[in-house]
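> Fold the stuff below for me.
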Amino acid sequence: MEKKAEDNFEDQYGRAGVRDTPQLLEYYSKLKALNTDALWTIANAIEPWEPKPTSIPMLWKYKDLRELVIQSADLVKPEEAGRRVVYFANKGRTETGACVGWLYSGLQTMRPGEFTPAHRHMASALRFIMEGKGAYTVVNGHKIDLNARDFVITPNDCWHDHGVYEDGEQCIWQDGLDIPLMNTLDCNFYDVYPKPAQSAKYPLNDMPLSHAGSGVLPDKLNWENDYSPIMRFSFENTYNALKDLDKVSKGDKYGGHTVRYINPTNGGHVMPTMGGYMQMLRNSESTTSYRRTGSYVFQVAKGKGYSIIGGKRFDWEEKDVFVIPSWTFFTHHNLDDNDDACLFCFNDLPVMEKLGLYFEESYAEYEEALKKGYKSSYQGRD
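Numbers count the residues shown, from 1 in each chain. Reported below is the predicted structural model:
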């Protein structure tokens, strides 16, 4: 019955509806012999009424993965692997290495004294620190210390390496990259540094300390890059910003309280192709259902709760990772009556926005569109 309803929806003016005939089939064969084909035979499939993501909603439990991630340190050396990562494989995107859409993510571990060989690539990268002490990164000569729940960026084409100090503890962090997008655009490159690791060229933590004050920038800042000079965003500062926001705002029914990580020089996203935000759900708070274009990777920074994604419930707790594919209805729910929950998210919103591809729809708007005979509120607009 659903297939029939879909066929009826396609049977309208402006959609391809050519019926096969013996003459047309013969014509198609001649086109194929010349490596061509008739658009109307595939037009409805390649131009759907609304996005049809192949990624599926998924959740990875940290308690199930943690020991396996730690075990990788016994089996593989970082200099052998390049990057010792257990990556998240979305069942709908196995051929791309993506965890959702065109985004890649995984869990990387480092022992005290270890470091990744310095390298650079066209893909942009980011990290969210999960556990351990003494982690650091070096990005184009800027050495930065990393603490639990810090968010750090590694912009594309920047030399970078990561490690843990000798007196530190084994660390685990989440990696996020847009490798699948770069490969799809056929523009990915990779290069290795002439030495195993970079030497710091600037004072330790110079970039985050130079931009530590909210609402102020260093005088005579000479920053011409298209990514944020902050590079490391501490959870303490981010969480305090959310708590302060809660004092003066009721929040948004679709996202609770949300703060976006920015490039302070222009107010834009931290990098050209990937962005990030932290959202806080107050005690027992639930959000209202909506959907949007773009792909979203979440890590539970604090608390416990569940999300309804595409009609399926996913229960989460601290350090769990889950994904929401493009154009999929979702809600978040904090199960704690006495404390808030915080969700870190990285995404491809910069791409969606810059290309004019971002569109969102509440469930109420969707229901209203259905009453009018549309697939979504995208149809029937002025």
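
> pLDDT weak spots in the protein?
Within the chain, the stretches with pLDDT under 70 are 1-7.

> Domains in it, by residue range?
2-47, 58-364 (automatic domain parsing).

> can you list those in JSON lines and add distance to Lys372 and mean neighbour count?
Heads up, the C-betas are built off the backbone N, CA and C, glycines and all. Output for the domains of the chain, formatted as JSON lines (distance: least, CB to CB, whole Å; neighbours: other CB atoms under 10 Å):
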{"stretch": "domain 2-47", "distance to Lys372": "13", "mean neighbour count": "10"}
{"stretch": "domain 58-364", "distance to Lys372": "13", "mean neighbour count": "18"}
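
> What I need now is those domains written out in a markdown table, including distance to Arg381 for each item.
Formatted as a markdown table, these follow (distance: least, CB to CB, whole Å):
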| stretch | distance to Arg381 |
| --- | --- |
| domain 2-47 | 15 |
| domain 58-364 | 10 |
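
> any idea which helix or strand carries Leu245?
helix 235-248 (DSSP states H and E).

> actually Thr36, not the one I wrote
Using DSSP H and E, Thr36 maps to neither a helix nor a strand.

> Kindly report the same for His257.
Assessed by DSSP H and E, His257 sits inside strand 257-260.

> who touches the helix holding Leu245?
Residues lying outside helix 235-248 but in contact with it, judged by CB atoms under 8 Å, 6 or more residues apart in numbering, are 147-151, 214, 251, 257, 259, 261, 278-280, 282, 301-302, 342.

> Now do the helices in the stretch 51-200 of the chain.
For the stretch 51-200 of the chain, the helices defined by DSSP state H, counting those that start in this stretch cover 62-75, 78-81, 179-184.

> Restricting to C-alpha, output the longest one in PDB.
Taking Å, rounded to 0.1, in the frame of the first residue of the first chain, the C-alpha atoms of helix 62-75 are listed here in PDB:
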ATOM      1  CA  TYR A  62      31.400   3.700  25.900                       C
ATOM      2  CA  LYS A  63      31.300   1.000  28.500                       C
ATOM      3  CA  ASP A  64      31.200  -1.600  25.800                       C
ATOM      4  CA  LEU A  65      34.100   0.000  23.800                       C
ATOM      5  CA  ARG A  66      36.500   1.300  26.500                       C
ATOM      6  CA  GLU A  67      38.400  -1.900  27.200                       C
ATOM      7  CA  LEU A  68      38.800  -2.700  23.500                       C
ATOM      8  CA  VAL A  69      40.100   0.800  22.800                       C
ATOM      9  CA  ILE A  70      42.600   0.400  25.700                       C
ATOM     10  CA  GLN A  71      43.600  -3.000  24.400                       C
ATOM     11  CA  SER A  72      44.600  -1.500  21.000                       C
ATOM     12  CA  ALA A  73      47.500   0.100  22.900                       C
ATOM     13  CA  ASP A  74      48.800  -3.500  23.600                       C
ATOM     14  CA  LEU A  75      48.500  -4.600  20.000                       C
END
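
> gap between it and the chain center?
23 Å (CA atoms, centre = their mean, to the nearest Å).
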